[in-house]
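>>> Next input, structure requested:
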Amino acid sequence: MANQVSLFLEWVFGMTDYIERHQANYALIETTLNQILGQLTGQSGGLAVPYGLQEIYDRKGIIGRDSYDFAEGQLTGPDYNFQVGAGAYWGDGAFYRKTAASTLSMAGKDTGTYYLNLDAAGNPLVSSAADVTTTRQFSWDAATHTVSTKALYPGVNILFDGDDYADLLTSAAKGKNFTRVADRLEELEQGQDIFGGYYAQDLPHSGLNFKFKAGQVRNDSVITDTPAGQVTLAASQTNYVEVDPATGTVSANQAGFTSGRIPLYQVTADGAGITGVTDKRTPAIAGTGGGGGGHTQGTDTGTTAPTFTIDHDAAGNPTGRAGLEVENGDNPNAALKFNRDTGKWEYTEDGGASWKELGDVTLDLGSQELTKYVPFEDPPLVLEELGRGPSIDYEDLDLSPWISAPLGVAAAILRVQYWDTGSGDGGLFKKKGSPASPALAFTVAEGQYRLLNIVLPLDENNECQYFLNASGADTAYIRVFLIGYLEKVTGVGTQDISKTWPDLALGAGTTVDFNLTGFINRGLAHYLKIRETGGTATGIYDLHLYGRDTFLDADLLYKAEGIDPAADFEDWLPFWLQDKDFSRELHARIINHDGVNAGTYEMTLAAEQFA
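Residues are numbered from 1 along each chain as shown. Here you go, the predicted model:
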């Protein structure tokens, strides 16, 4: 633009083109006035910003943080439009302004980096090349139709505007509004005074010497001053600078921040000096009992929050125990803690020498041992030997394959048939491990048609022994039937418990073992229900319950097989339950015989829990 406007003023008599000259003057005046008007109203041009403001805006940039801003994300077809906000831009002596939002399209554009440029009227436009009006740049993915990695174009600054000034007067953290920036700065400085003595870095550091300013640390009600100083760091390692709240001593180690001490800085170093510093200080400048390493319930009265979080900075998969501990002076401390490894609450009364599970029902509440007779409708043949000779020593007879008694057996009822083709002296029976000469009551006389019932005690493995006094090498015959047995039952101290386990999922043709927690150690089940609640399995399935998490046949307690998933399976017949691991779990195995479809099952069990 010219600095001066020249009009034709040399009028003389006799001119014949004065009309054309007047029109040229008027046109020049009109053009110049329109240009001035556009600049004064802030549309564009070098004079739109007065010289005084040009000195303030001494660099190019968008005026206001949100000028010509837009959102990243995936755009919607077919036009793939995105909105660019209103804005103002000052650069290279020119001013651009747009008072309303603009809609731009990315339709038909290839993947790449694009630029937000401005035209002479301040309107934003998308370009594949930058120019002197470029405000921002971004990436465009034509395959996913996504705008990403938005950034200010290099060299473009954010220049202060009224909105930015208004933001300075508002504190969202404190929910407070200020009338002057100076008032807000004053409040910040007053707060900084509290932390000004909190071990700030004393720059510059020297080599591997990390310098810090003086500080104060509170340990419960004791405040300790630490003078300014320095600690020597280990070369080529990560160093953890911390303060001991009990002594105020600042130290550094390479293992990590120490429990009970206050973290200050995490510092990396190479062989010659410090390469990086991460500030780990927190507003909680207390030590043990003050908020840094722990908390002592001394002078305070509690918290108004509904939850008190312990080990607040735990992350990932923490292990070990965490909880509350009671200081008992010269006596062992007591504690209530959660064992992350077992997933159970535990308590100790001896300083941690031993831990007990909270709520574990393992106490003997005056229980007494009773016996229950278990008969066989079809007594099994447990021993048959025909045409044999005399015994050299007592021989074992194992009855455990026919006996199911989790608490043991008091005695077995045997029916014995013994005869000898000669003149034998009969047979002897006894509990395994008992004296070799049993009472006469356990002696069986010879006679083919003489059937004798004996009530015989068994050892802990449900075994007994016998001795045959055969008259010859192959003259003795013996048959033994198990008529029944006296099962040991513990009574007294019971309570009813019912629990449902949903979402027991099995794949097609699979067998899955479940250790279902929070049940009982021993008890008598009086109701069981299992049903298919999800999946598409139509084939039959089986349910087995075991006494241990090893799921061995020797520990089988209950089984129901060939269950049709089309109907709920229910069983009201009582059966014994026991968790021999004493982990209060139900060890259940479900077998899905449908080789094509998966199934999800729900099981409910009601039982009488024994102490």
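>>> rest of the way, CA atoms for contacts and neighbours
Will do.
>>> Give me the longest helix you can find in the protein.
Looking across the chain with DSSP state H, the single longest helix is helix 18-40.
>>> Do a quick rundown of the helices in the stretch 351-500 of the chain.
Secondary structure of the stretch 351-500 of the chain by DSSP state H, counting those that start in this stretch: no helices are present.
>>> where does it dip in pLDDT?
Screening the stretch 351-500 of the chain residue by residue with the criterion pLDDT under 70, one finds the ranges 359-368, 436-441, 448, 491-494.
>>> just the strands in it please.
The residue ranges that make up the strands of the stretch 351-500 of the chain, judged by DSSP state E, counting those that start in this stretch, are 356-357, 368-375, 381-388, 395-398, 409-420, 427-431, 443-444, 451-456, 463-468, 476-491, 494-506.
>>> possible to save these as TSV with mean neighbour count and distance to Val231?
TSV is the format used below for the strands of the stretch 351-500 of the chain (neighbours: other C-alpha atoms under 10 Å; distance: least, C-alpha to C-alpha, whole Å):
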stretch	mean neighbour count	distance to Val231
strand 356-357	16	45
strand 368-375	13	69
strand 381-388	14	83
strand 395-398	16	76
strand 409-420	22	73
strand 427-431	23	78
strand 443-444	20	90
strand 451-456	17	82
strand 463-468	20	75
strand 476-491	20	68
strand 494-506	15	57
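>>> mind putting those strands in CSV, distance to Gly329 included?
Conversion of the strands of the stretch 351-500 of the chain to CSV gives the following (distance: least, C-alpha to C-alpha, whole Å):
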stretch, distance to Gly329
strand 356-357, 22
strand 368-375, 41
strand 381-388, 65
strand 395-398, 58
strand 409-420, 50
strand 427-431, 56
strand 443-444, 67
strand 451-456, 58
strand 463-468, 55
strand 476-491, 43
strand 494-506, 39
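>>> Which of the ones you listed sits closest to Tyr26?
With C-alpha to C-alpha as the criterion, Tyr26 lies closest to strand 494-506 of the strands of the stretch 351-500 of the chain, at 89.6 Å.
>>> Below-threshold pLDDT in the stretch 1-150 of the chain: ranges please.
Of all residues in the stretch 1-150 of the chain, those with pLDDT under 70 make up the ranges 1-3, 37-58.
>>> ok, 90 please
Residues of the stretch 1-150 of the chain that meet the criterion pLDDT under 90 lie in 1-65, 90-95, 120-121.
>>> in it, which spans are helices?
Remark: helices assigned in the stretch 1-150 of the chain by DSSP H, counting those that start in this stretch are 18-40, 51-56.
>>> And the first one, what does it pack against?
Yep, that's helix 18-40 we're talking about. Packed against helix 18-40 by the contact rule (3 or more C-alpha pairs under 8 Å, 6 or more residues apart in numbering; DSSP states H and E) you find strand 44-45.
>>> and of the strands of the stretch 351-500 of the chain, who's closest to Arg65?
If you check each of the strands of the stretch 351-500 of the chain against Arg65 by C-alpha to C-alpha, strand 494-506 wins as the nearest, at 52.4 Å.
>>> ok, and what's touching the closest one?
The list of residues contacting strand 494-506 from outside it, by C-alpha atoms under 8 Å, 6 or more residues apart in numbering, reads 512, 516, 519, 533, 590, 592, 598-611.
>>> Paired strands for that strand, with orientation please.
Here strand 494-506 is paired, per DSSP bridges, with strand 599-610 (antiparallel).
>>> model confidence over the strand it pairs with, on average?
Averaging the model's pLDDT scores along strand 599-610 yields 91.
>>> So for that strand, what gets flagged as buried?
Within strand 599-610, the residues scored as buried using 16 or more other C-alpha atoms under 10 Å are 599-603, 605-610.
>>> Show me this structure divided up by domain.
If you go by automatic domain parsing, the domain ranges for the chain are 55-162, 169-194, 213-275, 321-357, 369-490, 493-610.
>>> now these in CSV, with distance to Asn34?
Supplementary listing: those in CSV, determined by distance: least, C-alpha to C-alpha, whole Å:
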stretch, distance to Asn34
domain 55-162, 14
domain 169-194, 39
domain 213-275, 60
domain 321-357, 78
domain 369-490, 106
domain 493-610, 78
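>>> between those, which gets nearest to Ile36?
Of all those, it is domain 55-162 that lies closest to Ile36, at 13.5 Å by C-alpha to C-alpha.
>>> Just give me how far the closest one sits from the chain centre.
Centroid separation for domain 55-162 versus its chain: 42 Å, with C-alpha atoms, centre = their mean, to the nearest Å.
>>> same deal with stretch 403-416?
Distance of stretch 403-416 from the chain centroid (C-alpha atoms, centre = their mean) equals 50 Å.
>>> Stretch 205-215 too?
Per C-alpha atoms, centre = their mean, the displacement of stretch 205-215 from the mean C-alpha position of its chain is 39 Å.
>>> try stretch 30-38
In this view, stretch 30-38 has its centroid 69 Å away from the chain centroid, taken as C-alpha atoms, centre = their mean.
>>> Give me the buried positions along that stretch.
Buried residues in stretch 30-38 (16+ other C-alpha under 10 Å): none.
>>> State the distance from the residue nearest to Gln201 when sequence neighbours are not counted to Leu9.
Take Gln201 and drop its neighbours on the chain: the residue closest to it by C-alpha to C-alpha, 6 or more residues apart in numbering is Phe212, 4.5 Å away. For Phe212, the distance to Leu9 under the criterion C-alpha to C-alpha, to the nearest Å works out to 79 Å.
>>> Which one of those two is surrounded by more residues?
Neighbour count, other C-alpha atoms under 10 Å: between Phe212 and Leu9, Phe212 has more, with 22 against 9.
>>> Any idea what the more buried one is bridged to?
With DSSP bridges applied, the residues forming beta bridges to Phe212 are Gln201, Gly229.
>>> Relative to Pro245, how far out is it?
Going from Phe212 to Pro245 by C-alpha to C-alpha gives 16 Å.
>>> and what of Pro78?
Looking at Pro78 against Pro245, where the rule is C-alpha to C-alpha, the gap reads 64 Å.
>>> higher neighbour count, these two?
Pro245 (28 against 10).
>>> sec struct for that one, please.
Assigned with DSSP: H, G, I helix; E, B strand; the rest coil, Pro245 falls in the coil class.
>>> Quick check: it vs Tyr18, distance?
97 Å.
>>> Trp90: what's it in contact with?
With the criterion set at C-alpha under 8 Å, 6+ apart, Trp90 makes contact with 57, 59-63, 96.
>>> Could you give the bridge partners of it?
When bridges are called by DSSP bridges, Trp90 pairs up with Gly61, Phe95.
>>> Could you check how far it is from Asp119?
Distance, Trp90 to Asp119, using C-alpha to C-alpha: 13 Å.
>>> and what of Gln417?
Taken as C-alpha to C-alpha, the spacing of Gln417 relative to Asp119 amounts to 116 Å.
>>> right, so of the strands of the stretch 351-500 of the chain, which gets closest to Ala130?
Scanning those with C-alpha to C-alpha as the criterion, the closest one proves to be strand 494-506, at 58.9 Å.
>>> Show residues contacting the following helix or strand past the closest one.
Toward the C-terminal end, the helix or strand that comes next after strand 494-506 (DSSP states H and E) is strand 511-516. For strand 511-516, the external contacting residues (C-alpha under 8 Å, 6+ apart) are 501, 506, 549, 551, 585-592.
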